[in-house]
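1. Please find the sequence and the predicted model below.
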Amino acid sequence: ENVPPAQGNPGDNGRRPVSFLSGDTCLVDFLPTQSIIDEERRIQLWAAFDYLLNVEHNIEIYGELQAATNEVKRGNSPTYGFVSAPTVPIANPGLRNDAFRRGFGGEELISDAAAQALGFANAVAAAEANPLVGPVITNVRPFVGIPEEVYRDNSRVDNTGYIERDKTHFVGGLRGDFAPLGDSWSFDLAVTYSEHQFSGFTASDTNNRNMLASLDGFGGRDCNPASTSAGDNTGGCYFYNPFGSAYLAAENDLGPNGLYNATEMWGFMFDPILSMTEQEVFVIDGVITGDLFELPTGTVGVALGAQYRDQRFDAFASGTGKNFNFSFVVGQEPFGVERDVYAIFGEALVPLSDQNSALGPMELSLAVRYEDYGDATGSTTDPKIAILWQPIDDVSVRGSFQTSFKAPGLAQLGGSSTSLNNV
């Protein structure tokens, strides 16, 4: 056979390309490059304080600070597939070699001298005149079939991700008895600030525009299509050969009919997925609680409160991701979104029966929350009703009904991105 069959053991990443004619199965395994558990370094800081300002009314000031930094190193697949399969042109030497191995033509498909002997200008012209040879749609991972040491030890593509997350969270407030409404009433007024920063290189993906140029023979950062012909490696232009013949070719097998994929071309085809996000949340909320009045079955308690939230999300992306030019990941457009949310809420606890009742103690909870998100998200009012019944000491029965509303996250309002998760 012209193409050796796949061989090797699971984990060695399939030492040979696949022969589709012989029906062999490729033993490609990217497990050695994946992280089952990411390598991580974490530093955390936590502190809390409280100080009693007024002993008579039990009024105190309190606060809490949390800070953390995480550095994560994660392994990824060497490359990802193509969401939209590209077309390999006839001029591509890998396609012409594949057609030759399948018997669709003679050496005129791969050799300029053989083509010229038949009256063609070169091998590309001979292939274009062959009715059995035409462009091919391909959908491959560029490193499928390569031993692991090729893309690791030879430093062609290091697809290890490095991510840093920094978080800061602060709460400060004042709480105590609310004397104007009576001895049973208390208040809690708090301010919360949280910040989360994410930055890092998550993986590498194929630059779609550069990959298409490489299929046409104009791969390489020093390639100038205006002054250099396709595949002329002396001028810094290289073909990307997506076929298995690339992995059997010698390193000097370059040029218009060459089959080897040069390292300079890989660096041109792949770009890092770089991103940075900043999130901030500022919250002011206040709650008062106390006993409203007495019933024969007990005291009716209430809680009333209000809240204001200021949320901000900013995202920055790399040039390739920003231009949505990756072949697999969606990319991420830079955006900035801010939202102000206002809310009021209340809850009442009503005892329906007490411990001395034949029914046993029963309690009714009534609550409602109103939130206004502004803009297109609008506002929502959500009630809740719940009953807790304890017929005997060791048995409790609870039932509830409520509605809820989940507003879109700021990232959903601002843009799109792709999450890469190892399974």
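-> Done, it's in.

2. How far off centre is stretch 169-181?
-> Centroid separation for stretch 169-181 versus its chain: 40 Å, with C-alpha atoms, centre = their mean, to the nearest Å.

3. So for the lengthiest strand in the chain, mean pLDDT?
-> Scanning the chain for the longest strand, with DSSP state E as the assignment, gives strand 270-295. The average of the pLDDT scores along strand 270-295 is 92.

4. which of the residues in the following helix or strand past that strand are buried?
-> Using DSSP states H and E, the next helix or strand after strand 270-295 towards the C-terminus is strand 298-317. Buried residues in strand 298-317, counted by 16 or more other C-beta atoms under 10 Å: 298, 301-303, 305, 307, 309, 311, 313-317. C-beta coordinates here come from the backbone N, C-alpha and C atoms, glycine included.

5. Could I get the CA-only coordinates of strand 298-317 as CSV?
-> Extracted C-alpha coordinates of strand 298-317, given in CSV (Å, rounded to 0.1, in the frame of the first residue of the first chain):
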residue,chain,number,x,y,z
GLY,A,298,-48.6,33.9,68.3
THR,A,299,-46.7,36.9,67.0
VAL,A,300,-46.8,38.0,63.3
GLY,A,301,-43.3,38.9,62.3
VAL,A,302,-42.3,40.9,59.2
ALA,A,303,-39.1,41.8,57.3
LEU,A,304,-39.0,44.7,54.8
GLY,A,305,-36.0,45.7,52.7
ALA,A,306,-34.7,47.5,49.6
GLN,A,307,-31.6,47.0,47.4
TYR,A,308,-29.6,48.7,44.7
ARG,A,309,-27.1,46.9,42.5
ASP,A,310,-24.6,48.4,40.1
GLN,A,311,-23.1,45.7,37.8
ARG,A,312,-20.4,46.1,35.2
PHE,A,313,-18.7,43.7,32.8
ASP,A,314,-15.9,44.6,30.4
ALA,A,315,-14.3,42.1,28.0
PHE,A,316,-11.1,42.4,25.9
ALA,A,317,-10.0,39.8,23.3
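
6. contacting residues around the following helix or strand past that strand?
-> Downstream of strand 298-317, the next assigned helix or strand under DSSP H and E is helix 319-322. With contacts defined as C-beta atoms under 8 Å, 6 or more residues apart in numbering, helix 319-322 is touched by 205, 207, 271, 273-275, 326, 329, 331-334.

7. Pull out the buried residues from helix 319-322.
-> Those would be 320-322, for helix 319-322 by 16+ other C-beta under 10 Å.

8. What mean pLDDT does that helix get?
-> For helix 319-322, mean pLDDT is 74.

9. That one: how far from the chain's middle?
-> 15 Å.

10. quick one, whichever helix or strand comes after it and strand 270-295 angle?
-> The helix or strand immediately downstream of helix 319-322 is strand 335-353, counting by DSSP H and E. Orientation note: strand 335-353 sits at an angle of 30 degrees relative to strand 270-295 (axes from the mean of the first three to the mean of the last three C-alpha atoms, to 10 degrees).

11. Next, count neighbours for the spatially closest residue to Ala114 that is not a sequence neighbour.
-> Nearest residue to Ala114, sequence neighbours excluded (C-beta to C-beta, 6 or more residues apart in numbering): Glu107, at 4.0 Å. Neighbour count for Glu107, taken as other C-beta atoms under 10 Å: 14.

12. doesn't Asn97 make contact with Glu107?
-> No: look at Glu107 against Asn97 with C-beta atoms under 8 Å: they stay out of range, at 10.5 Å.

13. Of the buried residues of strand 298-317, just say which sits nearest to Val88.
-> Of all the buried residues of strand 298-317, Val88 sits closest to Ala317, with 29.5 Å by C-beta to C-beta.

14. my guess is the closest one meets Pro272, correct?
-> No: Ala317 sits out of contact with Pro272 when judged by C-beta under 8 Å, with a separation of 11.1 Å.

15. Can you list the residue ranges for helices in the stretch 51-200 of the chain?
-> Per DSSP state H, counting those that start in this stretch, the stretch 51-200 of the chain carries helices over the ranges 93-101, 112-117, 123-129, 148-152.

16. In JSON lines: those, plus mean pLDDT, mean neighbour count and distance to Phe282.
-> Conversion of these to JSON lines gives the following (pLDDT from 0 to 100; neighbours: other C-beta atoms under 10 Å; distance: least, C-beta to C-beta, whole Å):
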{"stretch": "helix 93-101", "mean pLDDT": "94", "mean neighbour count": "24", "distance to Phe282": "57"}
{"stretch": "helix 112-117", "mean pLDDT": "95", "mean neighbour count": "16", "distance to Phe282": "69"}
{"stretch": "helix 123-129", "mean pLDDT": "95", "mean neighbour count": "21", "distance to Phe282": "64"}
{"stretch": "helix 148-152", "mean pLDDT": "48", "mean neighbour count": "16", "distance to Phe282": "45"}
